[in-house]
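>>> Could you work out the structure for the sequence below:
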Amino acid sequence: MAHRRGRAGIGALKKKGETSKFTKKAEEIKETSLQSALDTVKQLEIKLTKFAQTHHKAIAKDPAFRHKFLSMCAPLGVDPLTSKKSFWSFLQMGDFYHELAVKVAEVCYAYRSRNGGIMSIKEVQNILVRRGTKFRLNEVVTNYSEEDIVLAIEKLKQLGSGFRIVKVGGTRMVVSVPTELDNDHVQVIQLAQDVGGGITVDMVSDMIGWEDDRVKRALDLLLSEGMAWIDKYEGLEFYWFPSVWKDSFAL
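Residues are numbered from 1 along each chain as shown. Now for the predicted structure:
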């Protein structure tokens, strides 16, 4: 029996040694894979930098090209908007989005008394265009898209300014007040958008299937915040939402 235990002990030692070798090999492969991944990322960053230097005018002038470029940067963790590295400074993208954010905020504040602090990204863009607002990016006068405005709002959001994006149906809206809008509020605004801007309590109840009290709670908050207006016509109370009126109704 003692002899058999000895053989078992030797076998266990051999097995332990083999396990140790496997563990060491696995660690070596892991380190090699990690270093290989880091080297690959570094090479991609170098290629991305060369691409930016070669195509900087297109990045500056064409919003669609600009966002394709930013989508290339994101997987590598590169953010030309905030990077302090000198080789990104020539793009001047941080300054561009900062200036755009200021102009977006000015529009939102100017129209807050009319819409209660909620308006579509498209309307913001249209107002900036009507005002003749222009920006220079890398010495080039550039156009700005809805995606540019969304990125600018993200910069405002990071400052804790209360600005944020909500989606109403297929429309992206910017909210510039700290009021929290829940799903009920968004659904009511979406319904108003679908019917052209004006709804009644009965319309919401019939189309969504809510109890009148639930509809009133949602409408009362939107009304108190100035996001909806109320108008009485032939004994009916119509709630109007300036933020979703068609462009032809825009002030």
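
>>> what's the weakest-modelled helix or strand in the chain?
None of the helices or strands of the chain scores lower by mean pLDDT, DSSP states H and E than helix 86-89, at a mean of 58.

>>> Which helix or strand lies directly C-terminal to it?
For helix 86-89, the following helix or strand on the C-terminal side (DSSP states H and E) is helix 93-110.

>>> Report the mean confidence score over that following helix.
The predicted model assigns helix 93-110 a mean pLDDT of 89.

>>> Would you tell me what the next helix or strand after it is?
Following helix 93-110 in sequence, per DSSP H and E, is helix 112-115.

>>> what comes into contact with that next one?
The list of residues contacting helix 112-115 from outside it, by CB atoms under 8 Å, 6 or more residues apart in numbering, reads 176-177, 226-227, 242-243, 251. Glycine gets a C-beta too; all of them are placed from N, C-alpha and C.

>>> Dump it to PDB, restricted to CA.
Extracted as PDB, the C-alpha positions of helix 112-115 are listed here (Å, rounded to 0.1, in the frame of the first residue of the first chain):
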ATOM      1  CA  ARG A 112     -37.900  78.600 -24.700                       C
ATOM      2  CA  SER A 113     -40.800  81.000 -24.000                       C
ATOM      3  CA  ARG A 114     -42.600  79.700 -27.100                       C
ATOM      4  CA  ASN A 115     -42.000  75.900 -26.800                       C
END
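
>>> Quick one: name whatever helix or strand follows that helix.
strand 118-120.

>>> Near the closest residue to Val195 other than its chain neighbours, how many other residues are there?
Once flanking residues are discounted, Val195 sits nearest to Met203: 7.2 Å by CB to CB, 6 or more residues apart in numbering. Neighbour count of Met203, defined by other CB atoms under 10 Å: 17.

>>> Met203 against Asp194, yeah?
No - with contact defined as CB atoms under 8 Å, Met203 and Asp194 do not form a contacting pair (10.4 Å).

>>> Which parts of the stretch 101-250 of the chain are strands?
In the stretch 101-250 of the chain, the strands defined using DSSP state E, counting those that start in this stretch lie at 118-120, 135-137, 140-142, 164-168, 171-175, 198-199, 229-233, 236-240.

>>> any idea how far Gln53 is from Glu139?
From Gln53 across to Glu139, the span is 14 Å (CB to CB, to the nearest Å).

>>> Quickly note the distance from Asn143 to Ile149.
For Asn143, the distance to Ile149 - CB to CB - is 12 Å.

>>> what's the answer for Ile189, then?
19 Å.

>>> low-scoring stretches of this structure, by residue?
Applying pLDDT under 70 to the chain flags residues 1-39, 41, 82-90, 138, 159-161, 246-251.

>>> where do the helices sit along it?
Counting by DSSP state H, the chain has helices at residues 2-54, 56-61, 63-73, 86-89, 93-110, 112-115, 121-130, 146-158, 183-195, 201-208, 212-224.

>>> Show me how far the last one is from its chain's centre.
So the one you mean is helix 212-224. Relative to the chain's own centre, helix 212-224 is displaced by 28 Å; criterion: CA atoms, centre = their mean, to the nearest Å.

>>> what number of residues lie near Gly170?
7.

>>> Check Glu106 too.
Using other CB under 10 Å: Glu106 sits among 14 other residues.

>>> burial of Lys122, as a residue count?
14.
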